[in-house]
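*Asks:* 3D model of this:
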Amino acid sequence: MYYRVAVLFVAFATAGLFVAQATRSAARAPVIESAHAHEQPYGMIQPNGMYSVATSCSAASCHGSGIVKQAGGEYTTWMEGDPHAKAFGVLYNEVSERMIKNLGRKEPAYRDASCLKCHGVDEDKQLDGEKLDDRNHSEAVSCDACHGPSKNWIAIHYQPSWKAMSDKDKFERYGFVPSKDLSARSLNCAACHVGARDREVNHDLIAAGHPRLSFEYTRYHFSDKYLKHWVEKVPNPDFEVRSWFVGQVASLRAAVDLLAVRAERASRQNSPWPEFSESSCYSCHQGLNPDFPRSAGADRIRPIGVPGWQVWYLSLAKLVPQASQMLFQGDAISSLTALENLRIAMETTNPDPAKIAKLAEKATAELDAILARFQRGGFSENLSVETFTRLGGMIAESALNANRTALKDYDWDFAAQHTLALTAIYHGTGGSSGPPAIAAWKPALLKLRTAIAFDSKSKDRYDSPKDYDPKKTYEAIRAMYDLTHNAKGDR
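*Replies:* Below you'll find the model as predicted:
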């Protein structure tokens, strides 16, 4: 039985208050290019290349066998049950029409450049040498959107010589994204589900009705609503734990790089600053119930009155160096100094955008080096139950204050991320059928899921944790801490 946390999308109940500001970003923002002179992981789709239609892959002898969820039926599976295949169609619905009206835009959503960036193979790219039209867009997020522009590799990717080629060569010589590599895969997912230099969901779009982007890779990968057209071929039974961890780093990298773009734009006074979507939504959008004091007992981790910066993606960042040593081969990773400096600078009352842009570039380089190291070193194999128990103990401990008497941060995003992390370890090691030491986590995880759940009775399209009680979350996290530590507090 799976009990994954179903959250991640929310629109503000007070969105109407911000619609008047929506036109401030109606014009298409210029793309800020980055030199990225540092080491980068390979696999991020390049903004150039010749694209093919998805039907190029649909022959019965290729990927269109008609048999869902089997090798040779990838195209069929994508068409039958992959939400990406329906991404363009939603631009015609009532919600999209209302968003466009709220934003004051003239073009409908299905022709709006900012929408097409992620809801289709975007209109700036070329398809068979010609400009894309609505017919091609109707394929939505199709094969080339994730695997890379295929004109250079479509005729050779089934040949024996292709299989002998390294992932890095396939990418650098032909532009083929090595989707079996978790770093490359997660980075490409994050380009739309978090944001990138040429695409973003800002506060204006959220206020107009777009879902908040709070991406958790394993939540999507292991969702029973996501019919995957591939089978993972990895030597490790604990694949979910690895994919959770790589997804964390890749999503954080995308968020930091997007901040660099926004800060650079703001330094030229071309956009609002700070961009509200960088902040934790529930720092402001929360109930004022006196029975649920949100900060009592928590560590003072940011100045009073300052919302947390990217709490969703940053909550577990300090564990990255130590956790990477447990899960991956290779050299040790130093502490994320540039990232911490960036967080401190952002969590001030008036961050300087020019300074932030430079700090974000340094933090991006720091995270790129980690993802590139994963690609060089690969998974560590045959990890023990003790390793995963220790990792769970690290996560539980990081959620508590110094005295273990309250949560370190009462922000809902903080609690949700720790819940998802512990859940990934639980399921990745077998769940209730796994090792007894981790199967015993089940009651505490169920309490955590209940503690952070949205109001199931709400009729709103997007809900919020308005009744979130940090005390209940603390009790469940404390139970997890006790399960992973001995009486002396040692893991």
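
*Asks:* what about the longest helix in the protein?
*Replies:* Of all segments of type helix in the chain, defined using DSSP state H, the longest is helix 239-267.

*Asks:* give me the number of residues near residue 81?
*Replies:* One way to gauge burial is a neighbour count; for residue 81, by other Cβ atoms under 10 Å, it gives 16. C-betas here are computed from N, CA, C, even on glycine.

*Asks:* show me what contacts it?
*Replies:* In this structure, residue 81 makes contact with 68, 226-227, judged by Cβ atoms under 8 Å, 6 or more residues apart in numbering.

*Asks:* could you give me the average pLDDT of the longest helix of the chain?
*Replies:* Helix 239-267 shows a mean pLDDT of 95.

*Asks:* got it, and stretch 111-121?
*Replies:* Per-residue confidence for stretch 111-121 averages out to 88 on the pLDDT scale.

*Asks:* list the buried ones in that stretch?
*Replies:* Residues of stretch 111-121 classed as buried under the neighbour-count rule (16 or more other Cβ atoms under 10 Å) are 112, 114-121.

*Asks:* Dump those residues into CSV; add secondary structure and distance to residue 342 as well.
*Replies:* Shown next, in CSV, are the buried residues of stretch 111-121 (DSSP: H, G, I helix; E, B strand; the rest coil; distance: Cβ to Cβ, whole Å):
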residue, secondary structure, distance to residue 342
112, coil, 31
114, helix, 26
115, helix, 30
116, helix, 31
117, helix, 25
118, helix, 25
119, helix, 30
120, coil, 33
121, coil, 33
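
*Asks:* on that earlier part again, in the longest helix of the chain, what's buried?
*Replies:* So, applying 16+ other Cβ under 10 Å, buried residues of helix 239-267: 239-267.

*Asks:* Show me just the buried residues among the contacts of residue 81.
*Replies:* Among the contacts of residue 81, those that count as buried by neighbour count (16+ other Cβ under 10 Å) are residue 227.

*Asks:* Out of the contacts of residue 81, flag the one nearest to residue 379.
*Replies:* Lowest distance from residue 379 to the contacts of residue 81 (Cβ to Cβ) belongs to residue 226, with 22.9 Å.

*Asks:* ok, the closest one to residue 220 distance?
*Replies:* Separation of residue 226 from residue 220 (Cβ to Cβ, to the nearest Å): 6 Å.

*Asks:* Grab the CA positions of stretch 468-485 and hand them over as PDB.
*Replies:* This file holds the C-alpha atoms of stretch 468-485, laid out as PDB (Å, rounded to 0.1, in the frame of the first residue of the first chain):
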ATOM      1  CA  TYR A 468      -1.900  23.000   9.400                       C
ATOM      2  CA  ASP A 469      -0.900  22.300  13.000                       C
ATOM      3  CA  PRO A 470       2.900  22.300  13.400                       C
ATOM      4  CA  LYS A 471       2.500  20.500  16.800                       C
ATOM      5  CA  LYS A 472       1.200  17.400  15.000                       C
ATOM      6  CA  THR A 473       4.000  17.500  12.500                       C
ATOM      7  CA  TYR A 474       6.500  17.800  15.300                       C
ATOM      8  CA  GLU A 475       5.000  14.700  17.100                       C
ATOM      9  CA  ALA A 476       5.400  12.600  14.000                       C
ATOM     10  CA  ILE A 477       8.900  13.800  13.200                       C
ATOM     11  CA  ARG A 478       9.900  13.300  16.800                       C
ATOM     12  CA  ALA A 479       8.600   9.700  16.500                       C
ATOM     13  CA  MET A 480      10.800   9.300  13.400                       C
ATOM     14  CA  TYR A 481      13.800  10.700  15.300                       C
ATOM     15  CA  ASP A 482      13.200   8.200  18.200                       C
ATOM     16  CA  LEU A 483      13.000   5.300  15.700                       C
ATOM     17  CA  THR A 484      16.300   6.200  14.100                       C
ATOM     18  CA  HIS A 485      18.300   7.200  17.300                       C
END
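
*Asks:* pLDDT of it, averaged?
*Replies:* Mean pLDDT, stretch 468-485: 93.

*Asks:* residues in contact with it?
*Replies:* Stretch 468-485 is contacted by residues 282, 286-287, 292, 294, 389-390, 392-393, 395-397, 399-400, 404, 406-407, 410, 412, 415, 418, 422, 440-441, 443-445, 447-448, 450-452, 491 when judged by Cβ under 8 Å, 6+ apart.

*Asks:* list the contacts for residue 308?
*Replies:* Taking Cβ under 8 Å, 6+ apart as the test, what residue 308 contacts is 279-280, 283, 302, 314, 347, 409, 411, 413-414.
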